[in-house]
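Enquirer: A structural model of the following input is requested.
(chains A and B)
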Amino acid sequence: MKSFSTIIKSDYLQRTRSYAFLITLCASLAISYTFVPEPNANYSTIRIADHIGYYNSAWFGYVTAIMTSIFLSLIGFYLVNSSIKTDINTKVGQIIATTRINNFKYLFSKVISNFLVLLTILLAVFTMSILLFFLYNDGFPFEPFQFIKPYILITIPSLFLISVLAIVFEVFLGKYSVAQNVGFFFIFSSLLVFSPKTENEFSLDIFGSKIVMHQLEESVREITNTDKITDLSIGYVIGNFEKTNKFEFNGVDFPLSFIISRFLWIGLGVLIIFLISGFFHRFDIKEGISVKKITSINTQPTLVKDINVSSLPKTKINYNIFPLLKTEFLLLFRKGKKWLWILNIIGMILLGILPIKIAHQMVLPVLWFLQVNWLSGLTTKEVTHNVHYFAFASYKPLSRMLTSQLIAGFVLMLFLALPLLIRLLFVLNFTAVLSIVIGGMFIVLFAATLGILTKGKKLFEVLFFMMTYAVLNGISFFDYFGGLLHNSYYIFRLLCCILVLGVLSFIVRKIDIKKM
Amino acid sequence: MQLEIQNVSKRYNKNTYGLKDFSITIEKGILGLLGPNGAGKSTLLKMIATVSKPTDGVILLNRNNIIKDPNYIRKQLGFLPQDFGVYPNLNSFEFLEYLGSLKGVGGKNLKSRITQLLEGLNLIEAANKPIGSYSGGMKQRVGIAQALLNNPKVIIFDEPTVGLDPEERVRFRNLISDLANDCIVILSSHIVSDIDTIADKVAIMKNGSLITKGESENIVKKVEGKVFETTIEKEKFSSFKINHIVVSTKRKQGKLQVRYISENSTDDAKVQEANLEDAYLYLTKTK
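Expert: Numbers count the residues shown, from 1 in each chain, chains lettered A, B, ... in the order given. Okay, the predicted model is just below:
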C-alpha cells in the first residue's frame, strides 16, 4: 500500500511541478471564466432555443459542471496520456519493473495520479465558478449543494473515466501517439453524439451531462407551453444574446438509477484496468528505433585509421539555412510512421476529389491535425533530445535555426493543402487560398510559440485538438483557415495573431538562449 | 591565441554560487580541469562555450569579449558537453551534417571531413544506421566528431571519455595530443590518469574556485613526502580513514594495504612516489 501511495504522490508532484502545468492551469482558469458569460457579454455557452437561466446557484453549478465535464474530458485526455511514457523516457520504468509492485497496482496508481491532476484543474475551475457567481450576482442566494452536486455526479466520474481511458490507450497504443490522438478524437465525438431518451439510457451516458440537458429542455418546454423542439446548444455562440429570454432553473433531481450508474462507471473503470493489466508490457519493450541495437560492430578486429586533425579537409564558412531545412524535413519523414503518411496521402486525395466546401471545412483541419505530433515538437525537440547545447551554442541560432523550423512547418502545411489550393485557384477563390496560406502560417507559429513558452508539447496538442474539434462542430471563433463563413475582419485578425506570435517566439527564444 | 577568464562568477541565488570570482588565463595546449562533483567545472566550460552567461566578470578570447559577442568564439569552437543527446532517427552522417550547418560550415569538403572523422572514430560501419541504435560509447564518439567539424581553434571536452572502452580512450588521448599543436584544448575529467597523461597544464577546482594551476609535475611536488603505504587490520580501517586521506586500499592476506596521504608517517609506513591523483586528493580534501 505504501509503494502504491508513493507512486501516486511522486507521479502527481512530478507532473504538477512543471511550468507547462502552471500554464495549463492558467489557461483552464481563463477558459472557465467564459463558461458563464458576463451579463452583458454577446455570446452564450449553454442555451435552450432562445432561453438561458437566471444566474442562480443551480444555473452556475450545472452549467459550469457540464462545461467542465466536456472541456476537461476533451483536453484532459491529452494532458494525462503520457504518464507511462514518461516512466519509459526517464528510465524510471526499468526500476519500477524490478520492484514488487504488480501491474494492476502500477496501472491503477497511474489512473489515480491522472485523476488527481485533473481534479486539481477541476478544483480551480470550481473555485472560479463560485467567484463568478458572486461577481455576476442576480440577487439569488448562494446554495453550496447546488454547486457541489453536479460536480460530484457529473464531472468527477467523467474525469475518472478519462483517466482510465488514457491508461488503456497507453497500454495498447503506447508507441503510437498519433493513433492515440485520433482514436480518442473519434471515441469522444461518438460519445457526445449519443442521445439517450429514457431514464435508463441516461445511465449509459459516460459524461453524465445528457440528463441535465434533457431537464433544461423540459423546463423551457413547460415555460413556453409548447411541444416544439427546444434545441439546447452547447458551445460558444457569438452575437445571439439580444433575443435571449430568461427562465429559472432549480437543478435536477437525479433518479437513483442514474446515481448508481455513476458509481458503476467508476467500478467499470477499475475493472477495465484490472483486465488490461495482463497486457501491460511492464517496460519490457523494444527501443523506439526499429533497427536492432548495434553492439557487435567491433567484434572483428578492424584496421582503424588514425585521425590526423591537421590534415582533415578544411571546410568553408556556409551560413545557408537550406541544410537546416533539409534536416527538419528528414526528421519529419523519419519520425512519421508509414501509416501516418498513408493517411496523409488519403487526406490529400480527399482534398482533391470531395466537394470544395467539405474538403475545406472538414478534411483540411483533420489532415492538419494529424501533424500534431510533429508540429508540437517543432521547437521543443532540441530540449527533448538534449541537443540544445549544440543547437543554442551554434552560429546565430535564432535567425537560422528558428527560421528554418518555421519555414519547414509552413512548407509542410502548404504541401498537404496543395490539392485544395490548386482547386481553389482554378475557381478563382483567392480569399480562400489566402485564408489557407495564412492559416498554415498561424498554426505553425502557434505550435512554435507555445513550444518555446512552455518548453513542452502538451499545451499546443490540447489546444490544437480543441480548435479542430470546435471547427468541425461549426464554431467559427476557432476557425483559423477560413473554412467557415467570415467577415473581412477575419484575415486581419489572423495576421495580427501571426505578428504577435512571431514576435513573441523570437523574443522568448532569444531570452532562452541568453539565459541558458 | 589566448583565453582570459577574469573574475567570473555564476550566481544562482543570493548565497549560491556555481563559480565565484574565478580567474585563469589559458594559452595554446591542453588544459586539464580536475575537481570533485559540484566544483564548477561544467559551469565554467558552459560559459566559455557561450551556452551559459556569467553573472559577473569577463571572458576574452584574443581580447574579444565573447560574452558581448558570442559569435566570435562560436565560429571557432568545438564543444562536447557532458550530457548531450542526439536525434535518434538520423544516422551519424546526417546528424553531423546538421550540426555542421548549425556551426555555419559547409562546402564540398564537409562530407569528406565527416567521413574521415567517422573513420578515425571507428564509426564508419555504423554511419548509415540511426543513432538511436548506437551504444553509449558510439554516441560519445559522435559527440567527439561533431566537436571537430569546423576546424576549431578552441576545443572544450567535458568528461569526454565517459562510456569509451580502454582502447578508445587511448585513441582519444592521441587525438587530443594532435589537436593541441595549434588550438586551446580544455578537458575536464574525473579520471585523473587521463588528465595526467595528456594535459600540458592542470587546473584543480573546488567549490567554484581555482585551487591551483600549473604543470602536472609542479602540482605533484606539493604532496611529495606525504604519500605513504602501510598495512593495517581491517577492523582498524574505520578509525584510520578518519585521520588520514586514503587514496586506495588493497586486500592482502586478510589485511588491508592502504595508500594514504598524511603530514606525518606512522611507524611502519613507507613513503611512496607521489602522483597527480595523490596531489588532487590532497588539495581537494585539505584546502
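
Enquirer: Spell out which residues make up each domain of chain B.
Expert: Annotated domains of chain B cover B:2-215, B:221-286 [automatic domain parsing].

Enquirer: So which of the ones you listed is the most surrounded?
Expert: Comparing the domains of chain B by mean neighbour count (mean count of other C-beta atoms under 10 Å in any protein chain shown), domain B:2-215 comes out on top with a mean of 19. Quick note: C-beta positions are derived from backbone N, CA and C, even for glycine.

Enquirer: how long is that one end to end?
Expert: From its first residue to its last, domain B:2-215 covers 17 Å (C-alpha to C-alpha, to the nearest Å).

Enquirer: And the contacts of stretch A:167-176?
Expert: A:77, A:81-85, A:88, A:107, A:110-111, A:114, A:179-180, A:183-184, A:272-273, A:276, A:279-281, A:285, A:288, A:337 (C-beta atoms under 8 Å, 6 or more residues apart in numbering or on different chains).

Enquirer: Any buried residues in that stretch, and which?
Expert: A:167-171, A:173-174, A:176 (16 or more other C-beta atoms under 10 Å in any protein chain shown).

Enquirer: Return the closest of those with respect to chain B.
Expert: Distance ranking of those against chain B, using C-beta to the nearest C-beta, places A:Tyr176 first at 15.5 Å.

Enquirer: quick one, phi psi at that closest one?
Expert: As for A:Tyr176, its main-chain torsions (degrees, to the nearest 10) stand at phi -110, psi 80.

Enquirer: Do you know the pLDDT at it?
Expert: pLDDT for A:Tyr176: 81.

Enquirer: Please apply the same query to A:Gly251.
Expert: 90.

Enquirer: re the thing from before, buried ones among the contacts of stretch A:167-176?
Expert: Using 16+ other C-beta under 10 Å as the burial test, the contacts of stretch A:167-176 include A:77, A:81-84, A:88, A:107, A:110-111, A:114, A:179-180, A:184, A:272-273, A:276, A:280 as buried.

Enquirer: Can I get the domains of chain B in TSV including mean pLDDT and distance to chain A?
Expert: Supplementary listing: the domains of chain B in TSV, determined by pLDDT from 0 to 100; distance: least, C-beta to the nearest C-beta, whole Å:
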stretch	mean pLDDT	distance to chain A
domain B:2-215	89	3
domain B:221-286	88	26
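
Enquirer: hmm, back to that, show me the buried residues of stretch A:167-176 that map onto helices.
Expert: Among the buried residues of stretch A:167-176, DSSP state H puts A:167-171, A:173 in helices.

Enquirer: Rank those residues by pLDDT and give me only the lowest.
Expert: Going through these one by one, the lowest pLDDT turns up at A:Leu173, 89.

Enquirer: Run the chain-centre distance for stretch B:177-196.
Expert: Averaging C-alpha positions (C-alpha atoms, centre = their mean, to the nearest Å) puts stretch B:177-196 7 Å from its chain's average.

Enquirer: ok, now stretch B:276-284?
Expert: On C-alpha atoms, centre = their mean, the centre of stretch B:276-284 falls 16 Å from the chain's centre.

Enquirer: what's next to that stretch, contact-wise?
Expert: By C-beta under 8 Å, 6+ apart, the residues outside stretch B:276-284 that reach it are B:34-36, B:39, B:192-193, B:195-196, B:202, B:204, B:206, B:211-212, B:216, B:219-220, B:222-223, B:226-227, B:245, B:247, B:261.

Enquirer: where's B:Lys221 relative to B:Val227, distance?
Expert: Counting by C-beta to C-beta, to the nearest Å, the gap between B:Lys221 and B:Val227 amounts to 12 Å.

Enquirer: partners of B:Thr25 in the sheet?
Expert: Beta-bridge partners recorded for B:Thr25 (DSSP bridges): B:Glu4.

Enquirer: what residues are up against it?
Expert: The contact partners of B:Thr25, by C-beta under 8 Å, 6+ apart, come to B:2-5.

Enquirer: From those residues, pick the one nearest A:Lys243.
Expert: B:Ile5 (72.6 Å; C-beta to C-beta).

Enquirer: So the closest one is in contact with B:Ile26, correct?
Expert: Yes. The pair B:Ile5 / B:Ile26 is scored as a contact, 7.5 Å apart, by C-beta atoms under 8 Å.

Enquirer: Which segments of chain A make up each domain?
Expert: According to automatic domain parsing, the domains of chain A span A:2-279, A:322-515.

Enquirer: Could I get these in a markdown table, plus columns for distance to B:Lys255?
Expert: Formatted as a markdown table, the domains of chain A follow (distance: least, C-beta to C-beta, whole Å):
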| stretch | distance to B:Lys255 |
| --- | --- |
| domain A:2-279 | 37 |
| domain A:322-515 | 47 |
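
Enquirer: before we move on, the earlier item: which one of the contacts of B:Thr25 sits closest to A:Thr98?
Expert: B:Ile5 (45.2 Å).

Enquirer: OK, now which residue of the stretch 1-150 of chain A is nearest to chain B?
Expert: Counting by C-beta to the nearest C-beta, the stretch 1-150 of chain A gets nearest to chain B through A:Asn89 (11.4 Å).

Enquirer: mind checking pLDDT for that residue?
Expert: Confidence at A:Asn89, expressed as pLDDT, is 81.
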